[in-house]
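# Mind folding the following:
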Amino acid sequence: MHSNDPNHAPLRDVAQSSEATARYLADVQRVLLDIGRNLEALALETRVRCRDTHVQGDRWFDAWMRAQPVERALKDVLKHVEGVTKGLEKSAFKRRAHDEVVANTAKKRKEKELEKQRKNAPPLQAAPPSPPQQDAPGRHSGYGGPTSIYDMGNRESA
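From the prediction side, this is the model:
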């Protein structure tokens, strides 16, 4: 699918949607998992073939030693394929999380603005203090009187 449009990018529409990105990455992951299964079978067959290749005068471990670099290289390739498939899955989740963050950003900004307005608003005026009530003439009632037992004056202790 070739386009004459100079601004045409083949994966632009896929990148614009997290669902399309997830579908595309899942397809790529399926292909890589299939390749990984084929590489596992190839590694097993290569291992058997290389370890069974003996030369006149070999000791019992010489064929095994010659097979190790080949086996290690195929094992590394398999490890990298696994890493790529895990990375594809992780990137699909990250892409979806990005869209969720973008969708929630406006709401969070409004909440922060409301919180900022609440903090900057003048505090509510407290109710004016009520006049002190007196139980008996000349005596203070309850709290707000002396702050020490030595200041009790004519009050009685509990």
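# Tell me which other helices or strands the lowest-mean-pLDDT helix or strand in the chain touches.
Within the chain, no helix or strand scores below helix 12-15, which has a mean of 89 by mean pLDDT, DSSP states H and E. Helices and strands touching helix 12-15, by 3 or more Cβ pairs under 8 Å, 6 or more residues apart in numbering; DSSP states H and E, are helix 18-52. In this view, the C-beta of every residue, glycine as well, is placed from N, C-alpha and C.
# Output the contacting helices and strands for the lengthiest helix in the chain.
The helix that spans the most residues within the chain, counting by DSSP state H, is helix 62-120. Counting contacts by 3+ Cβ pairs under 8 Å, 6+ apart, helix 62-120 packs against helix 18-52.
# pull the CA atoms of the least confident helix or strand of the chain into PDB?
In PDB, the C-alpha atoms belonging to helix 12-15 read as follows (Å, rounded to 0.1, in the frame of the first residue of the first chain):
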ATOM      1  CA  ARG A  12       0.400   6.800  12.100                       C
ATOM      2  CA  ASP A  13      -3.200   5.700  12.400                       C
ATOM      3  CA  VAL A  14      -2.100   2.700  14.500                       C
ATOM      4  CA  ALA A  15      -0.200   5.000  16.900                       C
END
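# next one: that helix to chain centre, how far?
Computed by Cα atoms, centre = their mean, to the nearest Å, the separation of helix 12-15 from the middle of its chain amounts to 23 Å.
# go on, stretch 42-50?
Going by Cα atoms, centre = their mean, where stretch 42-50 is centred and where its chain is centred differ by 40 Å.
# which residues are contacting that stretch?
63, 66, 67, 70, 71, 74, 75, 78 (Cβ atoms under 8 Å, 6 or more residues apart in numbering).
# Check what pLDDT the fifth one gets.
With respect to pLDDT, residue 71 scores 95.
# Return the residues in contact with it.
Applying Cβ under 8 Å, 6+ apart, we find residue 71 in contact with 43, 46, 47, 50.
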